[in-house]
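Colleague: Pasted the sequence and its predicted model underneath.
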Amino acid sequence: MSADPWPEPEQLDTDVAVVGSGGAGLMCVLHAMTARPGLDVTVVSKGAVGRSGCTRMVQGGYNAVLDPDDSIELHFRDTIRGGKFLNDQDLAWTLVNDAPRVINELETRVGCFFDRRADGRIHQKAFAGQAFDRTVHRGDLTGIEIMGRLRDQMFRLGPRELEDVRALDLVRDSRGALAGVTALNVRTGTPVVIRARVVVVATGGSATMYRVAAPAREKTGDGVAMCWRAGLPMRDMEMLQFHPTGLLAGASRMTGAVLEEGLRGAGAHLYNADGERYMARYDPERRERSTRDVVARAGYLEIMAGRGTAEGGVYIDISHLGADEVEQRFPGMVARTRQIGQDLAAGPVLVSPTAHFHMGGVVIDRDCRTEVDGLLVAGEDAGGTHGANRLGGNGVAESTVFGARAGDTAAVLASERAYRTPAAAEVRASLVRAYAPLERELGPWPFDLTARLKEVMWRSVGVVRDEGALRRAVDELGELAEDVGRVAVPGPREVNFAWQEALDLVNQVTVARAMASAALWRTETRGAHARTDFPDSWDRPRYLVQRAGGGGLGDGLAGSIEAREHDVALTRLTQADLDAEERR
Amino acid sequence: MMVLDVLLAVQREHDPALGFRFSCRVGMCGTCTVRVDGRSVLACQTEVPDDTTRIRLDPLAGLPVVRDLVVDTGPFWRAWAQVRPYLVPDEADETGMDAEPAVIPPDSAEREVIDPALDCIGCAACFSSCGIASAHRDFLGPAALNRALVLIADSRDAASRERLDVIGGESGVDRCHYIYGCSAACPKGLDPARAIRRLRGRRFRRER
């Protein structure tokens, strides 16, 4: 018998392994199993299937062109303008074209029912940064309807569900071809080696690495970090969106939870502590209805200039619509504020910018293919669709549109790719790394390191950045990477959350290092990336593609980063087109 | 401070192996359900008054305990699955990416039944609060029956008759004793007891 610290791994063969069970993951399952009903599909989910991740948390809604007076071109233009021309235009075009078709599918096949207009057709509401009211919704808790019904579809389709199973690493065969994924059963502490013809990575982003953050707990950059360790290229890693209106609830975990965009769409005002409606100074025309990047930055600058409240926030106020109206249109948001002793229906509520969404991620094509044959990436783990800033309502559209496409691609790929045997050395390296914190008796405590990471990112790679702070962040993250490599969580293998936190940290710090390094490279201000030392934008939009270099701890955690610059291919729309259009 | 904040503090500062579940922390994922002094609630939405010195936390009733406050929700979802919880479109209806969504006015009779019964997050607080479901008395339970009502009332669905047979069967609505524990417990303010009453009427009338 070996002296390995792990029990004998469970072995599993599956045609398609889908890592993640949010909107992208479950849409992928739906499409793969609809395209090929006999397909063996396995969902690998760190949390409860269909009940973890952020699609579930979508409040406002889903942008799709349904009205004859709206147009695909208009939605595309809003998306590119919002993304400050950094978007991969092919991906953005795919998003806006498929979004109405996915709404059709969600309604007719999945069984969702979105709010209706008086005439019985789908109602669409106003969201910021858009030229047309095109946001489909179910009240202000749209994600519950989408994920609830997608979860129900799983009872019809019957994929294999590995719940509470954390994917660890992509593994290759002895010739370097993708062979599957290693995983860890969180309940039992037993490793799982999954051989798969196709692996789809759809775990969601990594914004939880900030002190004030909106996402669900699972979102620790697992997918991106897994792909990083496998050597895949990433783009736009510096682009982290801050939502302008996160709740401030003291030390409670509720802090950072989002008050939805629809409030600003419906006419909410933002005030600083002096009672000034400050957005008039930052975007006189659109004011509160400006895009998230502009509104979040304005709030941050007000707070930094000493015009914030004692709690470090500003106020959002929609009570001028009348309490009844606010309660009726935003019941979920009203309930959320009352929970923390405030009341959206009755008066101003304390808010702060909150880390919300990572625009950066793995480089994909429109069918979710990556550089590695057999590996697909969908949803927030992928980069390029949103460019430098995501429009509210384009997030759930992205996860479902590209999740569906990944499912279609996976169904085809699964019939072309044979099973391959994971190289023993790769499996072993993955498990050695995963079990190491459990083996160590002495070392840093993971929860302390998480707090340190959140502080570094909030302070130095946050809403507004500069060279000095970013250089310090790169150094601090390097030290943190070393400490994460020494973490000790002595304790049981079964349901050990300190151990799980340690594994999350490896992924978060891997992603954080790439983010800080990309942020240092981008010596301009564009979208979500604001540099006080470089307030202007470059004439030509450029993006950085990064991937793991050699060295470090053998897991990319503290290794070098290779980077290459590219011009954005403005294949469909340029700034000049937009200016000409707006002059007309 | 919410019960979830207390649990996180205990896990971080005292016992990292303390087992509990949560995801969204804003009452949308339905995974942090526990019993606080006997009541089944979402840990993230239940306030602990400042002067509290002691609270009693238990895992949900009627579900096997995995560890500490983590339960296996399998029995809850098996009951849910029994009502065919997904939309079954009529064979004549087109479905998929090229199909048109149904035209159904918001003030139609079906939406007046369905809308107040939506937004179930599958947290199982009702299941745990129901003396019959949680005691394994072969009862589908409030959440599954509430889901059945939503689908039976939905004019887009073609499996209502089959569902009426399920809810009218051995483990169906007749097991309910109207103690209203479910409706009192629902963190989303749904009223599963009313859904059960409505289902009883529909079963006799054989109507959707």
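Modeller: Here it is on my side, so go on.

Colleague: and the closest residue to A:L578 other than its chain neighbours, how many residues sit next to it?
Modeller: Nearest residue to A:L578 in three dimensions, chain neighbours excluded: A:R81, at 6.3 Å (CB to CB, 6 or more residues apart in numbering or on different chains). Glycine gets a C-beta too; all of them are placed from N, C-alpha and C. By other CB atoms under 10 Å in any protein chain shown, the residues close to A:R81 number 21.

Colleague: Pretty sure A:R81 sits against A:D577.
Modeller: No: checked against CB atoms under 8 Å, the pair A:R81 and A:D577 is beyond contact range at 10.5 Å.

Colleague: returning to what we had before: could you check how far the residue nearest to A:L578 is from chain B?
Modeller: Taking CB to the nearest CB, to the nearest Å as the measure, A:R81 and chain B are separated by 27 Å.

Colleague: List phi and psi for that residue.
Modeller: phi -60, psi -40 (degrees, to the nearest 10).

Colleague: and the chain, what are its domains?
Modeller: Since you didn't name a chain, this refers to chain A. Following automatic domain parsing, chain A resolves into domains at A:241-356, A:432-542.

Colleague: Actually, chain B is the one I wanted.
Modeller: Taking automatic domain parsing as the domain assignment, the ranges for chain B are B:3-71, B:74-205.

Colleague: among the ones you listed, which is nearest A:R36?
Modeller: Proximity to A:R36 (CB to CB) singles out domain B:74-205 among these, at 15.2 Å.

Colleague: any bit of that closest one sitting next to chain A?
Modeller: Yes: Domain B:74-205 reaches chain A (CB under 8 Å from any CB of the partner chain) through B:80-81, B:84-87, B:89, B:93-108, B:111, B:114, B:118-122, B:151, B:154, B:156-157.

Colleague: Buried among these? Need that as a selection in PyMOL.
Modeller: To isolate the buried members of the residues of domain B:74-205 next to chain A in PyMOL, using 16 or more other CB atoms under 10 Å in any protein chain shown:
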select buried, chain B and resi 80+81+84+85+86+87+89+95+97+99+101+102+104+111+114+118+119+120+121+122+151+154+156+157
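
Colleague: Please tell me the pLDDT value assigned to the residue nearest the centre of chain B.
Modeller: Among the residues of chain B, the one closest to the centroid is B:A143, at 3.4 Å (CA atoms, centre = their mean). If you check B:A143, the pLDDT there is 98.

Colleague: ditto for the one 3 residues further on
Modeller: B:N146 is assigned 98 on the pLDDT scale.

Colleague: Switch the domains of chain B over to JSON lines; also include distance to A:H137.
Modeller: Listed next are the domains of chain B as JSON lines, based on distance: least, CB to CB, whole Å:
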{"stretch": "domain B:3-71", "distance to A:H137": "14"}
{"stretch": "domain B:74-205", "distance to A:H137": "13"}
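
Colleague: what kind of secondary structure is the residue of chain B found nearest chain A in?
Modeller: The minimum distance from chain B to chain A, using CB to the nearest CB, falls at B:L87 (2.9 Å). Secondary structure, DSSP: H, G, I helix; E, B strand; the rest coil: B:L87 is coil.

Colleague: Could you report the separation of it from A:T55?
Modeller: Noted for B:L87: a distance of 19 Å to A:T55, by CB to CB, to the nearest Å.

Colleague: can you tell me which helix in the chain is longest?
Modeller: Since you didn't name a chain, this refers to chain A. When chain A is parsed with DSSP state H, its longest helix is helix A:497-521.

Colleague: that's the other chain; I wanted chain B
Modeller: With DSSP H as the criterion, chain B gives helix B:192-205 as its longest helix.

Colleague: That one packs against which elements?
Modeller: When contacts are defined as 3 or more CB pairs under 8 Å, 6 or more residues apart in numbering or on different chains; DSSP states H and E, helix B:192-205 packs onto helix B:142-153, helix B:160-168, helix B:181-185.

Colleague: which helices and strands sit right next to the first one?
Modeller: The contact analysis (3+ CB pairs under 8 Å, 6+ apart) places helix B:142-153 against helix B:74-82, helix B:109-114, helix B:125-129, helix B:160-168, helix B:181-185, helix B:192-205.

Colleague: just the shortest one next, same as before
Modeller: Using 3+ CB pairs under 8 Å, 6+ apart, the elements in contact with helix B:181-185 are strand B:39-42, helix B:125-129, helix B:142-153, helix B:192-205.

Colleague: just the second one next, same as before
Modeller: Helix B:160-168 sits against helix B:142-153, helix B:192-205, with contacts defined as 3+ CB pairs under 8 Å, 6+ apart.

Colleague: If we use 10 Å, what do you get?
Modeller: On a contact count with 3 or more CB pairs under 10 Å, 6 or more residues apart in numbering or on different chains; DSSP states H and E, helix B:160-168 meets helix B:74-82, helix B:142-153, helix B:192-205.

Colleague: Where does the prediction get shaky in chain A?
Modeller: Within chain A, the ranges that satisfy pLDDT under 70 run A:1-2, A:551-556.

Colleague: Next, name the residue at the spatial heart of it.
Modeller: Of all residues in chain A, the one closest to the mean position by CA atoms, centre = their mean is A:G205, 3.1 Å from it.

Colleague: Give the full set of residues in contact with it.
Modeller: Residues counted as contacts of A:G205 (CB atoms under 10 Å, 6 or more residues apart in numbering or on different chains) are A:53-54, A:215, A:219-224, A:240-241, A:355-361, A:379-381, A:395, A:511.

Colleague: 8 Å instead, please
Modeller: A:G205 makes contact with A:C54, A:P215, A:K219, A:G221, A:V224, A:F357, A:H358, A:G361, A:E380, A:D381, according to CB atoms under 8 Å, 6 or more residues apart in numbering or on different chains.

Colleague: What residue, apart from its backbone neighbours, is nearest the last one spatially?
Modeller: Computed as CB to CB, 6+ apart, the closest residue to A:D381 that is not its neighbour in sequence is A:G223, at 3.8 Å.

Colleague: OK, contacts around the residue of chain B closest to chain A?
Modeller: So B:L87 contacts A:R109, A:V110, A:G111, A:R149, A:D152, B:L151, B:D154, B:R156, B:D157 (CB under 8 Å, 6+ apart).

Colleague: and with 6 Å instead?
Modeller: Residues near B:L87 by CB atoms under 6 Å, 6 or more residues apart in numbering or on different chains: A:G111, B:D157.

Colleague: Next, work out how far apart it and A:Q153 are.
Modeller: 9 Å.

Colleague: Ok, A:L141 next?
Modeller: Here the criterion is CB to CB. By it, A:L141 lies 19 Å from A:Q153.

Colleague: Looking at those two, which is more packed in?
Modeller: Each of A:L141 and A:Q153 has its neighbours counted (other CB under 10 Å); A:L141 has more, 25 against 22.
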